[in-house]
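[1] Build me a structure from this.
(chains A and B, ligands or ions: 2)
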Amino acid sequence: MFNENELTFTQVKMLDEEGNIIGNPTITTSDEQLREMYEWMKKARILDQKLLRLQRQGRLGTYAPLSGQEAAQVGSAYALTKEDWVAPSYRDHAASMVHGLPLEQIISYSKGHLYGGKIPEGLRILPVQIIIAAQTLHATGIAYSSKYKGENSVAITYFGDGATSQGDFHEALNFASVFKLPVIFFCQNNQYAISVPLERQMASKTIAQKAVAYGMTGVQVDGNDILAVHEVTKEAIERARNGEGPTLIEAVTYRFGPHTTSDDPTRYRSEEEVKQWSQQKDPLIRLRKYLENKGLWDETKDNQLEESFNDELNELIDVIESKQIPTVDEAFDYVYENKHDLLVEQQEEAKRFLANGGGE
Amino acid sequence: MAEMTMIQAIRQALEIEMKRDERIVLLGEDIGRNGGVFRVTDGLIDQFGEHRVIDTPLAESSIIGTAVGMSLNGLRPIPEIQFFGFVYETMDQIASQAARMRFKSAGRYNVPIVIRSPYGGGVRTPELHSDSLEALFSHTPGIKVVMPSTPYDAKGLLIAAIRDEDPVIFLEPMKLYRTIKEEVPEEAYEVPIGKAKVVKEGYHATIVGFGPVMPLLKKIVDEYEQEGIHLELIDLRTVAPIDIDTILKSVEKTERLMIVHEAVKTNGIGAEIAALVSEKGVFSLSAPILRVTGYDTPYPVGTIEDDWLPNPKRIKAAIHELLSY
Ligand SMILES: Cc1ncc(C[n+]2csc(CCOP(=O)(O)OP(=O)(O)O)c2C)c(N)n1
Ligand SMILES: [Mg+2]
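    Residues are numbered from 1 along each chain as shown, chains lettered A, B, ... in the order given. Ligands and ions are numbered 1, 2, ... in the order given. Coordinates of the predicted model:
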């Protein structure tokens, strides 16, 4: 008989809310790396807020904000090398950004441009995944290929707590474990799948423990503690590169904002709950305190970063908005390698209507 | 009678039927506390309880698969797929399970479920939220597919679907959820499944459409009328089975036919209508049958969807061609 209550799952945590190291953890991360991670988090927060504003002004499509989840995304993606693969969901542009995705790509995707999903050559990042948990299987297959080719790269896939209900997630874990593949399943447990709270999503105590059923390592980590996130991801990558197979990481976190710009979160969670997280458990504040205690960061540096990144974003948005938006006839070029005759005929028709002033 | 949007009409149909029949349960993602992402099921959880309005875990195959099981044991579930683009996740449970149960049990079992789902373009959604996938299911024997375009029809067809003994896919055009209001009776009534509606009589040509394209077609037909061209407009309302008699009767009169839908062209509902009219009414025709549809690409991003969808330019060009014969 296997009893859940006999299992112990401790949450890995290294930095407390005041930015002090808890106990005596083994830390392999340098302060310089932590400072750089802070800058990434700060940039992700600024970008997020900028995109939310653009959406409200009607200059952006539906947008899924990530504020609150910066430590989980930055801390994990920062542990990758450029040889490693990232298979993200729709809320993971901070992770993608750290792995090298240009800001222009993130913004034009959210604007609904035809080339928004075009990942620049050489970058090992998949396009945004809308279908919940589908990317977990892709990461697993990518890891199989890496192993097959004798490469040293790992694949990391990002998904939410809700995604752990999908068959694809379970099938990916099982497949990866059976073949001992170098893949990291990185779950951002932000405790809601749109309106559905975690206790309605599953009856297990943790997401991490699902790893046990598949015979792989499971780790639960404080997802707002970037130091801990980074350390556990590094260990998982290490195991993967050593041929020890996949790891499931559950990063416990919270999204401060709505599910997407079309969502009204007041319908399903209380203001107090949101405040508790956003005021007491903000991942940016926690690392900033640590850095400030060490004399590595201060108000002036923070303001400078904010100003310069805001300027960079504004310029970029100007450039994107002044460019000609790709037109419908171009869409036909990406259905097959070679278009068949009937498709060419439709493309010609689309061109004729465009030349004629478009739809209206 | 009250003026209602399609959302209100659908919600009212659910409420009336749930009051009438305790066997009805709703299940889906975010349909309870949140009232559905479009608020179609708003308040129903308070009225009927968590055991009848079920916020499920996030897994479409489980939503449909358990609904099939519930129906096999006496309930009449109405599962929701949050956006129809996610229906591929549960293709097996719909096409291989729900659709075949009557057949493989030689009538011992049937699956009286209604799968509700929003679909359709023009609302700038992210990927896979706007696709029109009705043809996949019209190609699946055992399933009925209903696609209303007005609040009145939505309510009546939903009630008919709920009372139907076979699995019905009930598709709700997102674009029309709140954009049109019309008088809808407060009480229960049925609009029969499998019956098209002649929205406007005419004799120069027949236009068949369904779902989100209907208001646009109506507007265009009205414009042509001002110019003395009388087009007959048919709202198919049910795409599986197709009401071919209404179409044939119209074509006998007009001798010209075009079909308009948002779904991609190849093997779409338009193709089936064209084939049926060729088989049964080819001698009535004096012009080729034309289709105005989404192009044969995946549903595109928001910035170009208006040029991809059937739009006034494309529809009018086709009417022009049709009348030139
Ligand atoms: C297959 C599928 N079903 C439903 C949806 C609609 N949907 C988008 S996000 C979401 C909730 C996802 O929750 P979770 O996995 O916790 O990720 P989070 O959004 O919280 O980051 C749902 C139901 C979808 N995109 N794909
Ligand atoms: Mg979540």
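
[2] Give the phi and psi angles for the closest residue in space to A:Glu4 that isn't next to it in sequence, as a check.
    Sequence neighbours aside, A:Lys205 is the residue nearest to A:Glu4 in space, at 6.4 Å (criterion: C-beta to C-beta, 6 or more residues apart in numbering or on different chains). For glycine as for every other residue, the C-beta is placed from the backbone atoms N, C-alpha and C. Main-chain torsions, A:Lys205, degrees, to the nearest 10: phi -80, psi -40.

[3] cool, and B:Ile115?
    Torsion angles, degrees, to the nearest 10, at B:Ile115: phi -90, psi 110.

[4] pretty sure it is in contact with B:Gln82, am I right?
    No - contact status for B:Ile115 versus B:Gln82: not in contact, 11.7 Å apart, counting by C-beta atoms under 8 Å.

[5] List the contacts of stretch A:349-360.
    Applying C-beta atoms under 8 Å, 6 or more residues apart in numbering or on different chains, the contact partners of stretch A:349-360 are A:327-329, A:332, B:295, B:306-309, B:311-314, B:317.

[6] For ChimeraX, write the select line for the buried members of these.
    The following ChimeraX line selects those of the contacts of stretch A:349-360 that are buried, judged by 16 or more other C-beta atoms under 10 Å in any protein chain shown:
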select /A:328,329,332 /B:295,306,307,308,309,311,313,314,317
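
[7] want to throw the contacts of stretch A:349-360 into TSV with secondary structure, distance to A:Gly215 and pLDDT?
    Shown next, in TSV, are the contacts of stretch A:349-360 (DSSP: H, G, I helix; E, B strand; the rest coil; distance: C-beta to C-beta, whole Å; pLDDT from 0 to 100):
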residue	secondary structure	distance to A:Gly215	pLDDT
A:Thr327	coil	51	96
A:Val328	helix	49	97
A:Asp329	helix	51	97
A:Phe332	helix	46	98
B:Tyr295	coil	47	98
B:Asp306	helix	51	97
B:Asp307	helix	51	97
B:Trp308	helix	47	98
B:Leu309	coil	49	98
B:Asn311	coil	54	97
B:Pro312	helix	59	97
B:Lys313	helix	59	96
B:Arg314	helix	56	97
B:Ala317	helix	61	97
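
[8] Among the contacts of stretch A:349-360, list the two that are farthest apart in space.
    A:Phe332 and B:Pro312 (21.5 Å; C-beta to C-beta).

[9] what's the average pLDDT for the one helix or strand B:Leu171 maps to?
    Per DSSP states H and E: B:Leu171 is located in strand B:168-173. Averaged over strand B:168-173, pLDDT sits at 98.

[10] Give the pairing partners of whatever helix or strand comes next after that strand; include direction for each.
    Once the chain leaves strand B:168-173, the next helix or strand it forms, by DSSP H and E, is strand B:182-184. Counting by DSSP bridges, the strands paired with strand B:182-184 are strand B:2-4 (antiparallel).

[11] count of neighbours near A:Glu83?
    11 (other C-beta atoms under 10 Å in any protein chain shown).

[12] residues touching it, list them.
    By C-beta under 8 Å, 6+ apart, the residues touching A:Glu83 are A:Arg124, A:Glu151, A:Asn152, A:Ser153.

[13] need these in JSON lines with distance to ligand 1, can you?
    Shown next, in JSON lines, are these (distance: C-beta to the nearest ligand atom, whole Å):
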{"residue": "A:Arg124", "distance to ligand 1": "22"}
{"residue": "A:Glu151", "distance to ligand 1": "29"}
{"residue": "A:Asn152", "distance to ligand 1": "30"}
{"residue": "A:Ser153", "distance to ligand 1": "25"}
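
[14] which residues does the most centrally placed residue in chain A contact?
    Closest to where the C-alpha atoms of chain A average out (C-alpha atoms, centre = their mean) is A:Asp92, at 2.4 Å. Taking C-beta under 8 Å, 6+ apart, we find A:Asp92 in contact with A:Leu66, A:Gln73, A:Val86, A:Val128, A:Tyr158.

[15] between those residues, which is nearest A:Leu342?
    Among those, and counting by C-beta to C-beta, the member closest to A:Leu342 is A:Val128, at 29.9 Å.

[16] For that closest one, grab phi and psi.
    Main-chain dihedrals, A:Val128, degrees, to the nearest 10: phi -50, psi 130.

[17] Can you list the low-confidence ranges for the stretch 101-250 of chain B?
    Within the stretch 101-250 of chain B, the set of residues satisfying pLDDT under 70 is empty.

[18] how about the closest residue to ligand 1 within it, what does it touch?
    Here the residue of the stretch 101-250 of chain B nearest ligand 1 is B:Leu128; by C-beta to the nearest ligand atom that distance is 7.2 Å. For B:Leu128, the contacting residues are A:Ile130, A:Ile131, B:Phe83, B:Gly85, B:Phe86, B:Tyr299, by C-beta under 8 Å, 6+ apart.

[19] Output the residue ranges of the helices in the stretch 1-150 of chain A, listed in chain order.
    Counting by DSSP state H, counting those that start in this stretch, the stretch 1-150 of chain A has helices at residues A:31-56, A:70-77, A:93-98, A:103-110, A:134-148.

[20] Correction: the previous question concerned the stretch 201-325 of chain B.
    Assigned by DSSP H, counting those that start in this stretch, the helices in the stretch 201-325 of chain B fall at B:214-226, B:244-254, B:269-281, B:305-308, B:312-323.

[21] For the last one, name the packing helices and strands.
    The elements that helix B:312-323 packs onto, with contact taken as 3 or more C-beta pairs under 8 Å, 6 or more residues apart in numbering or on different chains; DSSP states H and E, are helix A:341-355, strand B:205-209, helix B:214-226, strand B:257-264, strand B:290-294.

[22] among the ones you listed, which is the most enclosed?
    Among these, strand B:205-209 has the highest mean neighbour count (mean count of other C-beta atoms under 10 Å in any protein chain shown), at a mean of 29.

[23] Can you tell me which helices and strands that one packs against?
    Secondary-structure packing of strand B:205-209 (3+ C-beta pairs under 8 Å, 6+ apart): helix B:214-226, strand B:231-235, helix B:244-254, strand B:257-264, helix B:312-323.

[24] Domain-wise, how is chain B divided?
    B:2-184, B:197-323 (automatic domain parsing).

[25] So is the longest one next to ligand 2?
    What that stands for is domain B:2-184. No - Domain B:2-184 lies apart from ligand 2 when judged by C-beta under 5 Å from the ion; the minimum separation is 9.0 Å.

[26] roughly how far out does that domain sit from the chain middle?
    Chain-centre distance of domain B:2-184: 11 Å, with C-alpha atoms, centre = their mean, to the nearest Å.

[27] What's the end-to-end length of that domain?
    Domain B:2-184 has its terminal residues 6 Å apart, counting by C-alpha to C-alpha, to the nearest Å.

[28] How about B:Tyr224: what's its closest non-neighbour residue?
    Spatial nearest neighbour of B:Tyr224, chain neighbours left out: B:Leu231 (5.5 Å); criterion: C-beta to C-beta, 6+ apart.

[29] who in the stretch 101-250 of chain A is up against ligand 1?
    With C-beta under 6 Å from any ligand atom as the criterion, the stretch 101-250 of chain A meets ligand 1 at residues A:Ile130, A:Ile131, A:Ile132, A:Phe159, A:Gly160, A:Asp161, A:Gly162, A:Ala163, A:Asn190, A:Tyr192, A:Ala193, A:Ile194.

[30] let's see 8 Å
    Proximity of the stretch 101-250 of chain A to ligand 1, by C-beta under 8 Å from any ligand atom, involves residues A:130-134, A:159-164, A:166, A:188-190, A:192-194, A:196, A:201.

[31] Need phi/psi at the closest residue to ligand 2 within the stretch 201-350 of chain A.
    Nearest residue of the stretch 201-350 of chain A to ligand 2: A:Arg255, at 7.2 Å (C-beta to the ion). Backbone torsions of A:Arg255, given as degrees, to the nearest 10, read phi -90, psi 130.

[32] Before I go, just wanted to say thanks for your time.
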